[in-house]
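Undergrad: turn this into a model:
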Amino acid sequence: MVDDTALEDLYDYPPDLTAPFVQVNFVASADGGAELSGKSVGLSSPGDRRILALGRDLADVVLVGWGTAHAEGYRGIKRRELRDRRRSARGLGEVPPIAVVSGRCSVPPDSPLITDTLVPPIVITAESADAERRRALAAAGAEVVVAGHDQVDPAAAIAALGERGLNRVCCEGGPELFGALVAADLVDQLNLTVSPMLAGGGPSRIAVGTRPHLPTRLRLESLLVEDGFLMLRYRRGQ
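TA: Take a look at the predicted model:
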C-alpha cells in the first residue's frame, strides 16, 4: 500500500464537478461473494478499510441502501483528525450526510442514522411509500426525498443529490442498489477490493437485479496490493 497523501491523490474525485460523479465501494471474495454471514466486514482488510474511510472523507454524500445500512449497523459519520484535515483542504463540510435508499421508507425514526449523527440524513424513497412513515422521519429530523413512484428511480435519486450540490457521491452498497445504478448507467468509478478468500456458493454477487442493455466498459486506473488483497480502482471507459 501507499501513504495517506498518495492514496488521496489516487482516489480523489475529479475537480470542479458540475454534476454528480458516482463512485461505488465494494469488497468481494476471490470467488465473487459479497458477504460472509450477512456482512461484508469478514471479507475486509486494513487496506480496504482505509479506502472505505477515504471515500467518506472526500465525499459530499454517502449513498447506501437501507438493507445494508441496517445489517451493518450504520450511524452518522463522525469527525476525526485525518477526516477533518482532508475535508478542510477541499472546502467540504464537517462530515458528509448519509443518503439512505428505501423504497418503502422502512428506516425507523429512532434509527442511529437519525439519532446519532452530526448532520441530518437524507432518506430517498418512492411516492408509493406510506405517508405516515415519511412524516415521522421528517419530524425526527431526516430530509425525505421522493424519487420515483412505485420504487426508487436511481436516476432521479442521483439527480436529487446533484440539485443539493452533493456531486461527490460515494455509494457503499448494497448489491441491489449497486445493480440498480449499473442498470441505469450511473456508475463512474468502482473501487473494488478482492479478498483472498473463497466464500462458497451462498453469498450474492456485489450487483444484483436487472441487467443493463449493454455492459459498461471500465478502464483500470490503479492497482494496490496488501497482504494478498487487491485494491482495484476502475473508471468508466471512453
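Undergrad: tell me which element residue 24 falls in.
TA: strand 21-29 (DSSP states H and E).
Undergrad: restrict the longest helix along the chain to CA atoms and write it as CSV.
TA: The residue-count maximum for a helix in the chain (DSSP state H) belongs to helix 46-58. Only the C-alpha atoms of helix 46-58 are listed here, as CSV (Å, rounded to 0.1, in the frame of the first residue of the first chain):
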residue,chain,number,x,y,z
PRO,A,46,-7.0,-2.8,7.0
GLY,A,47,-6.2,-1.5,3.5
ASP,A,48,-9.8,-1.9,2.3
ARG,A,49,-11.0,0.0,5.4
ARG,A,50,-8.5,2.8,4.7
ILE,A,51,-10.1,3.2,1.2
LEU,A,52,-13.6,3.0,2.6
ALA,A,53,-12.8,5.7,5.1
LEU,A,54,-11.1,7.8,2.4
GLY,A,55,-14.3,7.5,0.3
ARG,A,56,-16.2,9.1,3.2
ASP,A,57,-13.5,11.7,3.8
LEU,A,58,-13.7,13.0,0.2
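Undergrad: list the buried residues for it?
TA: Across helix 46-58, burial judged by 16 or more other Cβ atoms under 10 Å covers 47, 48, 50, 51, 52, 54, 55, 56, 57, 58. To be clear about C-beta, it is placed using only N, CA and C from the backbone, and glycine gets the same treatment.
Undergrad: one more: stretch 163-174?
TA: 166, 167, 168, 169, 170, 171, 172, 173, 174.
Undergrad: still on that earlier bit, out of the buried residues of helix 46-58, who's nearest residue 95?
TA: residue 56 (8.0 Å; Cβ to Cβ).
Undergrad: how about the residue nearest the centre of the chain, phi and psi?
TA: Centroid-nearest residue in the chain: residue 171, 1.7 Å away (criterion: Cα atoms, centre = their mean). When quoted as degrees, to the nearest 10, the phi and psi of residue 171 stand at phi -90, psi 130.
Undergrad: isn't it right next to residue 23, touching?
TA: Yes. Residue 171 is within contact range of residue 23, at 6.9 Å (criterion: Cβ atoms under 8 Å).
Undergrad: which stretches in the chain count as helices?
TA: 4-11, 46-58, 66-71, 81-89, 112-115, 131-140, 154-163, 175-183.
Undergrad: residues contacting the closest residue to residue 139 other than its chain neighbours?
TA: In this structure, residue 139 finds its nearest non-sequential neighbour in residue 109, 7.3 Å apart by Cβ to Cβ, 6 or more residues apart in numbering. The neighbours of residue 109, taking Cβ atoms under 8 Å, 6 or more residues apart in numbering as the test, are 136, 137, 139, 140, 142.
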